[in-house]
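**Q** only geometry, no sequence info:
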């Protein structure tokens, strides 16, 4: 029995199966490009970001465009990849790159406030909006539905990644 069959559920069309397939493919691509173990803390952080992006991208791809959170997450990943490559080419220096990213984030945060009806008091809905990808644009009912689905997918992501670690005995 191979490791893939231990990870996949009996239904090849299930969310868990689609996510596992995508994640394993993404991890293989990462390992093909980065043959050796990361040596510096910078290389470790880069590998961490790649794996995290692969996990979230695989999760959103497994869901497809049926859910707003998955569309928002895939869009964010694509935009980060594009803007990161453009910024690295145009700015060069990592300190200039960091300061530019901070300025961009600061400008984007200023535009996110909208007039909303509060439910649950003390800004709890707004806190939830910030946690769910694409939540800033949803009404409260849609936000709750998307949150439930997003939580289900995050649970699946944790289960699959835990199983991968168990199979490969990664400390």
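**A** Arrived safely. Bear in mind that the values here come from a model prediction, so they are computed numbers and not experimental data.
**Q** Contact partners for residue 71?
**A** Contacts for residue 71 (Cβ atoms under 8 Å, 6 or more residues apart in numbering) come out as 60, 65, 134. Using the backbone N, CA and C atoms, a C-beta is placed for each residue, glycine as well.
**Q** Could you write me a PyMOL select line covering just the buried ones among these?
**A** Here is the PyMOL command that selects the buried residues among the contacts of residue 71 (16 or more other Cβ atoms under 10 Å):
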select buried, resi 60+134
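**Q** Just the closest of the contacts of residue 71 to residue 38, please.
**A** Residue 38 has its nearest neighbour among the contacts of residue 71 in residue 60, at 25.6 Å by Cβ to Cβ.
**Q** The helix or strand hosting that closest one - contacts with which helices or strands?
**A** Using DSSP states H and E, residue 60 sits in helix 41-63. Under the contact definition 3 or more Cβ pairs under 8 Å, 6 or more residues apart in numbering; DSSP states H and E, helix 41-63 sits against helix 15-33, helix 68-91, helix 140-168.
**Q** about what we covered before: can you list the contacts of residue 71 in JSON lines and add distance to residue 49?
**A** Output for the contacts of residue 71, formatted as JSON lines (distance: Cβ to Cβ, whole Å):
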{"residue": "60", "distance to residue 49": "16"}
{"residue": "65", "distance to residue 49": "24"}
{"residue": "134", "distance to residue 49": "21"}
